[in-house]
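Q: any chance you could fold what I've pasted below:
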Amino acid sequence: MNAQHHDNGGLAMQTDTQVRLFEEDYWQQALEVGDQVRASEPVHRTQVGGYLPVWVISRYADARRALTDPHLSKDACLIRPVMERHLHAAGLPTELSGMFRPHMLFQDQPAHGRLRRLLADKFTRTRIEQLRPRVLDLTRGLVDALPADEPFDLVAGLAFPLPLTVIGELTGVATKDHEELRGWTAALMEDDPARLLPASRAMEDYFVELIRSKRARPGDDLLSALLQGSDSDRLDDAELMGTIFLMIVAGHETSTNAITKAARWLMSDTRVWRHLADNPHKIPQAIEEVWRVDSPVRMATHRVTAAPVVYGGVEIPAGEIVLVSLMSANRDPEAFRVPTVFDIERRDARRHLSFGYGMHHCLGAPLGRMEAEIALGELIARFPGARLAVEPQRLRPQRSAIMAGIEELPVLGSRR
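A: Residues are numbered from 1 along each chain as shown. Okay, here's the model as predicted:
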């Protein structure tokens, strides 16, 4: 099957060429604005949240280089003062969320290697693969509960509860607390301090109590394993809390977006959906193409220039926040043939950067792929006639500089 179609389900969209990243009119046309910015201003200075000046790198080759550039530091100790300075200048609280606590994503070498190793030793591919029967069982239960021949929200019905339950069980979070946890992590991905700070404090208070409980009564969960550490090393209290924040947010927020985006694109053309129902072995490749054409993660997390750097002929001074646009890099015509065409037969889609690149490549990528492949596989098998219940342009995008989800995905789940 030559399963190809252009962005927006083949419908034309007028894009305002004056719109800049993260402005009010950007969100509903993020892909198109990103394409225009990459072509005209590949190193783009803009503002996040109305207070934080950032430089955005958007070409594929530049993005790969930036993701491994030691002059673009991931050290939270260097990033925090820059963030705090801009918050203070805007008259906002200078407190940062728990996402900026010590963890491997906000560390340079050698600290990064140590923290990643401590988590990777417990979060192994073997441990992830052992989750497959549970992920399949959870997915089937959720899909069983979805109505046939009437609209439902796929985010609420499957894309949100599946990865949240998986990461919740993996870390020892009680099922009754999952909904509250979802609210906290969603707020943490926003750029409004008034929303994210209360959520961060509440989430930290919750995990302080859970850590105390796990120390007294360890289980077979990942949090208990991290508390035990290894014979030679273990996370200190600040590192442990930072690692929990990272695992919870990355472990379900990213996967929710990944499943939602996959369903949105694969259902946009009923011929593609039915083709996959007849050829389920193509589902993994089709999902990779979705993540290439419309990344579930908009930007790699914050970096700061430890020294002046030059990208795209533009010098970025020292002490500046830099974001790498994974979404835009994945659509670079210098990296992918006809990149705005969605083609499930594309052979090099997995070269996308949606899981990052280099030493900060997502440690949970195998789990995210497993969840998405099982979720889409079960959904296609159960509802081979499924389609979107609204036009793609009516979907409400997540307004986050980092994440690129969809708030709701109305679906008509036909079994015919």
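Q: any stretches of this protein with poor pLDDT?
A: Within the chain, the set of residues satisfying pLDDT under 70 comprises 1-18, 231.
Q: contacting residues for residue 127?
A: By Cβ atoms under 8 Å, 6 or more residues apart in numbering, the residues touching residue 127 are residue 222. For the C-beta atoms, the positions are set from N, CA and C on the backbone; glycine is no exception.
Q: mind telling me what element it is part of?
A: Secondary structure assignment for residue 127, by DSSP states H and E: helix 125-130.
Q: what about the residue nearest in space to the middle of the chain, helix or strand, and which?
A: Nearest to the mean C-alpha position of the chain, by Cα atoms, centre = their mean, lies residue 254 at 3.2 Å. Per DSSP H and E, residue 254 falls inside helix 254-267.
Q: got the CA positions of that helix in CSV?
A: Only the C-alpha atoms of helix 254-267 are listed here, as CSV (Å, rounded to 0.1, in the frame of the first residue of the first chain):
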residue,chain,number,x,y,z
THR,A,254,5.4,11.1,26.9
SER,A,255,3.8,7.8,26.4
THR,A,256,0.3,9.3,26.6
ASN,A,257,1.2,11.7,23.9
ALA,A,258,2.9,9.0,21.8
ILE,A,259,-0.2,6.8,21.8
THR,A,260,-2.5,9.7,21.2
LYS,A,261,-0.5,11.1,18.3
ALA,A,262,-0.2,7.6,16.7
ALA,A,263,-4.0,7.1,16.8
ARG,A,264,-4.7,10.6,15.5
TRP,A,265,-2.6,10.1,12.4
LEU,A,266,-3.4,6.5,11.7
MET,A,267,-7.1,7.2,12.0
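Q: specify the beta-bridge partners of residue 53.
A: Beta bridges link residue 53 to residue 47, judged by DSSP bridges.
Q: how near is it to residue 82?
A: Going from residue 53 to residue 82 by Cβ to Cβ, to the nearest Å gives 10 Å.
Q: returning to that earlier point: what's the helix holding residue 254 packed up against?
A: The contact analysis (3 or more Cβ pairs under 8 Å, 6 or more residues apart in numbering; DSSP states H and E) places helix 254-267 against helix 161-171, helix 270-278, helix 283-293, helix 365-382, strand 387-388.
Q: mind doing that once more with 7 Å?
A: Helices and strands touching helix 254-267, by 3 or more Cβ pairs under 7 Å, 6 or more residues apart in numbering; DSSP states H and E, are helix 270-278, helix 283-293, helix 365-382.
Q: what number of residues lie near residue 51?
A: With neighbours defined by other Cβ atoms under 10 Å, the count for residue 51 comes to 16.
Q: same thing with residue 182?
A: Residue 182 is flanked by 18 other residues according to other Cβ under 10 Å.
Q: OK, contacts around it?
A: Residues near residue 182 by Cβ atoms under 7 Å, 6 or more residues apart in numbering: 160, 164.
Q: and it, how far is that from residue 241?
A: 19 Å.
Q: please apply the same query to residue 372.
A: Taken as Cβ to Cβ, the span from residue 372 to residue 241 is 28 Å.
Q: the two: which is more packed in?
A: Using other Cβ under 10 Å, the more surrounded residue of residue 372 and residue 241 is residue 372, with 27 against 20.
Q: is it true that that one touches residue 260?
A: No - applying Cβ atoms under 7 Å as the test, residue 372 and residue 260 come out as separate, 9.7 Å apart.
Q: for the residue lying closest to residue 324 once chain neighbours are set aside, what are its contacts?
A: Counting by Cβ to Cβ, 6 or more residues apart in numbering, residue 300 is the residue found nearest to residue 324 once chain neighbours are left out, at 4.2 Å. Residue 300 makes contacts with 67, 323, 324, 326, 356, as judged by Cβ under 7 Å, 6+ apart.
Q: leaving aside the residues adjacent along the chain, what's closest to the second one?
A: Same thing as residue 323. Leaving aside its sequence neighbours, residue 323 sits nearest to residue 299 (Cβ to Cβ, 6+ apart; 4.2 Å).
Q: and the residue nearest to residue 324, how far from residue 158?
A: Using Cβ to Cβ, we find residue 300 at a distance of 27 Å from residue 158.
Q: same check, this time on residue 280
A: Relative to residue 158, residue 280 is positioned 17 Å away (Cβ to Cβ).
Q: who has more neighbours, these two?
A: Higher neighbour count among residue 280 and residue 158: residue 158, with 27 against 13, using other Cβ under 10 Å.
Q: where's the closest residue to the more buried one other than its chain neighbours relative to residue 284, distance?
A: In space, and not counting its chain neighbours, residue 158 is closest to residue 142: 4.9 Å by Cβ to Cβ, 6+ apart. Distance of residue 142 to residue 284, computed by Cβ to Cβ: 20 Å.
Q: so where does residue 56 fall, helix or strand?
A: Per DSSP H and E: residue 56 is located in strand 52-57.
Q: buried set for that strand?
A: 52, 54, 55, 56, 57 (16 or more other Cβ atoms under 10 Å).
Q: any chance you could map the strands in the stretch 51-200 of the chain?
A: 52-57, 72-73, 151-153 (DSSP state E, counting those that start in this stretch).
Q: what about the ones you listed, which gets the closest to residue 380?
A: Each of the strands of the stretch 51-200 of the chain was scored for nearness to residue 380 using Cβ to Cβ, and the closest is strand 151-153 (15.6 Å).
Q: contacts for that closest one?
A: By Cβ under 7 Å, 6+ apart, the residues outside strand 151-153 that reach it are 146, 389, 408, 409, 410, 411, 412, 413.
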